[in-house]
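[1] pasting the sequence and the predicted coordinates here, then a few questions.
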Amino acid sequence: MVAKQIQRELSDMLLTDKVLQYAVLPEAALGADKYLSSLTTISDVEVSTDLQVVKVYVSVFGDDRGKEVAIAGLKSKAKYVRSQLGRRMKLRLTPEIRFIEDEGLERGSRVIAILDRIKAEKDTAESQVDELSDSSNSLQYDVDWEGDDPDEDIIYVK
């Protein structure tokens, strides 16, 4: 329950807290469109049994530089995030926050792209095989009719 609440609060902070937004996207402070440069999401939160440490798994969609900047920005603001969580949540002790890059979603999207490419290659190969078999069948029928007439031994009487 604590992990889900922390995940909700961190997700809300990513959407509303300007300090955290500028840490994740420094170009947003310069007036760039923050929605197009990269996308940062909290994919999972693990809380230790003694509630002292929280591992926050973060997925960043964007280029490599954007990922590095976002993760570094979150790690640099870990104390700020901890203090904000302490204000938002009613816990006896506010846990230490550790941000970890989660590549699971990106890896999944790469696997889906590879599977789509394989399917497309398979479909084109099957269509080429079908075209070849259709053309060879039509040639075979033409050859059968030209050389061998099954009715040549029949004598018709009037």
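    Thanks, I have it.
[2] from Glu121, how far off is the residue nearest the centre of the chain?
    Computing the C-alpha centroid of the chain and ranking residues by CA atoms, centre = their mean puts Ser109 first, at 3.2 Å. Separation of Ser109 from Glu121 (CB to CB, to the nearest Å): 19 Å. Where you see a C-beta, it was placed from the backbone N, CA and C, and this is true even at glycine.
[3] about what we covered before: and the gap between the residue nearest to the centre of the chain and Leu115?
    11 Å.
[4] related to what we said a few turns ago, give me the mean pLDDT for the helix or strand where the residue nearest to the centre of the chain lies.
    In the assignment (DSSP states H and E), Ser109 maps to helix 104-147. In this model, helix 104-147 has a mean pLDDT of 73.
[5] ditto for stretch 57-66
    Confidence for stretch 57-66, expressed as mean pLDDT, is 83.
[6] with stretch 20-40 instead?
    On average, the pLDDT along stretch 20-40 is 71.
[7] quick check: end-to-end length of it?
    With CA to CA, to the nearest Å as the measure, stretch 20-40 spans 11 Å from end to end.
[8] helices of the chain, residue ranges please.
    Counting by DSSP state H, the chain has helices at residues 2-16, 18-24, 26-29, 34-37, 64-76, 78-88, 104-147.
[9] possible to save those as TSV with distance to Asp153?
    Below are those laid out as TSV (distance: least, CB to CB, whole Å):
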stretch	distance to Asp153
helix 2-16	86
helix 18-24	88
helix 26-29	88
helix 34-37	80
helix 64-76	79
helix 78-88	95
helix 104-147	15
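[10] quick one, which of the ones you listed gets closest to Asp50.
    The closest of the helices of the chain to Asp50 is helix 2-16. By CB to CB, the value is 11.6 Å.
[11] tell me what the closest one is packed against?
    Secondary-structure packing of helix 2-16 (3 or more CB pairs under 8 Å, 6 or more residues apart in numbering; DSSP states H and E): helix 18-24, strand 39-47, strand 53-61, helix 78-88.
[12] how does it look with 10 Å?
    On a contact count with 3 or more CB pairs under 10 Å, 6 or more residues apart in numbering; DSSP states H and E, helix 2-16 meets helix 18-24, strand 39-47, strand 53-61, helix 78-88, strand 96-101.
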